[in-house]
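K.L.:
Below: sequence and its predicted model.
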Amino acid sequence: MTVKAVLTGDIVNSTRLGLAKDKKLTHALLEIFEGDKMEFYRGDSFQAYVKDPRHALRLALLSRTAAIRLFKDEGRVMADIRISIGIGKVVSPVKVLKTAKGEAFLLSGRQFDNIIKMNRRLAIISNNALANEGLQVIADYLDQIFFTMTGKQAEVVFEMLKGKTQKEVAGKIKRTKSTVHQRTLSGRWPEIESLLQRYENIINQLL
C-alpha cells in the first residue's frame with residue numbers, strides 16, 4: 001500500500017484541562033494510536049503516521065471523543081481535538097515524524113494551518129481533486145455533529161467507535177441499556193457510522 005495517512009492535531013483549550021485531565025487525555029491518545037507512529041510536540045500538539053489510511057478518520061474521531069468526554073460531569077464541554085488528515089505518499093522509511101517527508105505530511109500540515117484560520121476542527125485532504133469533494137463534505141458534516149456533542153454522548157460514541165455493542169458500552173460505563181441507546185441516537189452515531197463507511201469507500205478508490 002503506497003498511500004498513507006498523516007494526522008496533525010492539537011488540543012483545543014488545553015489550558016483548561018488541569019493536570020489530571022491532561023494526563024488522562026495524553027494516555028488516551030497514546031492508546032488510540034498504539035501500533036502507529038505518534039509524536040507530541042509543543043506540549044499540546046501531536047502528529048501521527050497511519051500506514052492504513054482507511055483507519056485514519058476513525059482514529060481522528062476517537063481522539064475528539066476522548067477529549068470531549070472528559071467533561072461529561074461538568075455540564076459543558078471545554079475540550080476538543082483539532083485535527084487534519086493528509087492522505088498521500090510518504091518517503092520511506094519513516095523514523096522520526098518531525099523530519100519525515102512526503103505529500104501526506106505536506107497536505108496534513110498545510111490543511112491544519114487552514115482549519116485554524118477558518119475556526120474548524122476537522123479536515124481531510126488528498127492529492128485527488130475529485131476525492132477531495134467527497135472528503136470535504138464528510139469532514140464538514142462530522143464537524144457539525146461534533147460541535148454539538150456533549151460529554152455524555154461522547155463517552156458512548158467513543159466506545160462505539162472502538163467496535164463495542166450498546167450492551168457492552170452499558171456495562172463499561174455502568175449505565176442502563178436504554179440510557180446508552182438514547183445517547184447513541186442523540187450523539188448521532190448512526191450518521192457517524194455511515195460517514196465512516198463513505199470515507200472508507202473513497203479511500204479504497206485511492207489505494
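P.N.:
Now that the structure is in, tell me what you want to look at. Quantities reported herein were computed from a predicted structural model and do not represent experimental measurements.
K.L.:
Compute the distance between the spatially most central residue of the chain and Glu168, please.
P.N.:
For the chain, the residue nearest the mean C-alpha position is Ala60 (1.3 Å; C-alpha atoms, centre = their mean). Using C-beta to C-beta, to the nearest Å, Ala60 is found at 23 Å from Glu168. Heads up, the C-betas are built off the backbone N, CA and C, glycines and all.
K.L.:
Mind giving me the packing neighbours of whatever helix or strand Asp113 lives in?
P.N.:
Following DSSP states H and E, one finds Asp113 within helix 103-117. Packing contacts for helix 103-117, counted by 3 or more C-beta pairs under 8 Å, 6 or more residues apart in numbering; DSSP states H and E, involve strand 4-12, strand 80-88, strand 122-126.
K.L.:
Give me the buried positions along the helix or strand following the shortest one.
P.N.:
Spelled out, that is strand 122-126. Using DSSP H and E, the next helix or strand after strand 122-126 towards the C-terminus is helix 129-147. For helix 129-147, the neighbour count (16 or more other C-beta atoms under 10 Å) marks 131-132, 134-135, 138-139, 141-142, 145-146 as buried.
K.L.:
Give the other helices and strands that helix 129-147 contacts.
P.N.:
helix 56-68, strand 122-126, helix 189-206.
K.L.:
To Thr8, which of the ones you listed lies closest?
P.N.:
Among those, strand 122-126 comes nearest to Thr8, with 9.4 Å by C-beta to C-beta.
K.L.:
for the record, mean pLDDT for the helix or strand harbouring Leu185?
P.N.:
Per DSSP H and E, Leu185 falls inside helix 177-186. Mean pLDDT, computed over helix 177-186, is 97.
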